[in-house]
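Asks: have a look; sequence and predicted model below, questions after that.
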Amino acid sequence: MKVGQVKVMCVSRMVRMMTVGFASWLLTGCAVDKVGCDPAVTRSASFFTKLSCDVSGSYDARSQDQQQALALAQSRNHELNVALLQLQAEQRDLEQGLVVERARRDSLVRSLNSYIAQVDQQAAQNALLQKQVRQARAEVDRLGRLPASTSPDTQQQALSRVQSEIETLRAMLP
């Protein structure tokens, strides 16, 4: 063998080895998945592993997955904020309704107290009637102290009952 042929064979062998090495390097890049290319995990990885992640597109795929997860979380957050605003509006409406209902109840209690005072003045001589007036007054006072959480129907029934008792007392006057 001549020296020229030996050099060609060595160069040829080196080219083949480099081609095989480069091909295997490229194939290792294809063998890395997205999970294996997590930057938190690959921080201490070798240069070739990081290069494989970059060449295989795993970094880009992982980035896209993270962007999709972020977009989904932002969408869910927006939906929850809308629901929160709706609940707050409903709560304001309920509170306003309770204020109106309490004002109506307080007005009715004042009216009933006025009726009781009239009946009391007219029934000064009648002891039985005065006892009934005291009971009616106690009932009206109790109704005035009902908690706001008491249902409007319950309040209305109690007020109607006391109002009819007072009307009965008024009718008993001469």
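Replies: Here it is on my side, so go on.

Asks: where does S149 fall, helix, sheet strand or coil?
Replies: Here S149 is recorded as coil under DSSP: H, G, I helix; E, B strand; the rest coil.

Asks: hmm, C53 is touching D60, no?
Replies: No: at 9.6 Å, C53 and D60 do not qualify as touching, with contact defined as CB atoms under 8 Å. To be clear about C-beta, it is placed using only N, CA and C from the backbone, and glycine gets the same treatment.

Asks: same drill for these two, tell me which one is more crowded.
Replies: C53 (24 against 13; other CB atoms under 10 Å).

Asks: tell me which element the more buried one falls in.
Replies: Per DSSP states H and E, C53 falls inside helix 47-56.

Asks: now the element after that helix, going C-ward?
Replies: Counting by DSSP H and E, what follows helix 47-56 is helix 58-122.

Asks: kindly provide the whole-number mean pLDDT of that next one.
Replies: Throughout helix 58-122, pLDDT has a mean value of 87.

Asks: again with stretch 128-142
Replies: The model assigns stretch 128-142 a mean pLDDT of 80.

Asks: what's in contact with it?
Replies: Outside stretch 128-142, the residues that touch it by CB atoms under 8 Å, 6 or more residues apart in numbering are 109, 112-113, 116, 119-120, 123-124, 158, 162, 165-166, 169, 172-173.

Asks: got the buried residues for it?
Replies: 129, 132-133, 136-137, 139-140 (16 or more other CB atoms under 10 Å).

Asks: closest to D153 among these?
Replies: E139 (17.7 Å; CB to CB).

Asks: gap between the helix or strand containing that closest one and the chain center?
Replies: Assigned by DSSP H and E, E139 belongs to helix 127-144. Centroid separation for helix 127-144 versus its chain: 47 Å, with CA atoms, centre = their mean, to the nearest Å.

Asks: what angle do that helix and helix 58-122 make?
Replies: If you take axes from the mean of the first three to the mean of the last three CA atoms, to 10 degrees, helix 127-144 sits at 170 degrees to helix 58-122.

Asks: state the pair within the contacts of stretch 128-142 that is farthest apart.
Replies: Longest span within those, CB to CB: A124 and A158, 27.6 Å.

Asks: more neighbours: which of the two?
Replies: A158 (17 against 9).

Asks: C-terminal to the helix holding E139, what's the next element?
Replies: Following helix 127-144 in sequence, per DSSP H and E, is helix 152-172.

Asks: and the contacts of that next one?
Replies: The contact list for helix 152-172, computed with CB under 8 Å, 6+ apart, reads 101, 105, 108-109, 112, 115-116, 118-119, 123, 126, 129, 132-133, 136, 139-140, 143, 146.
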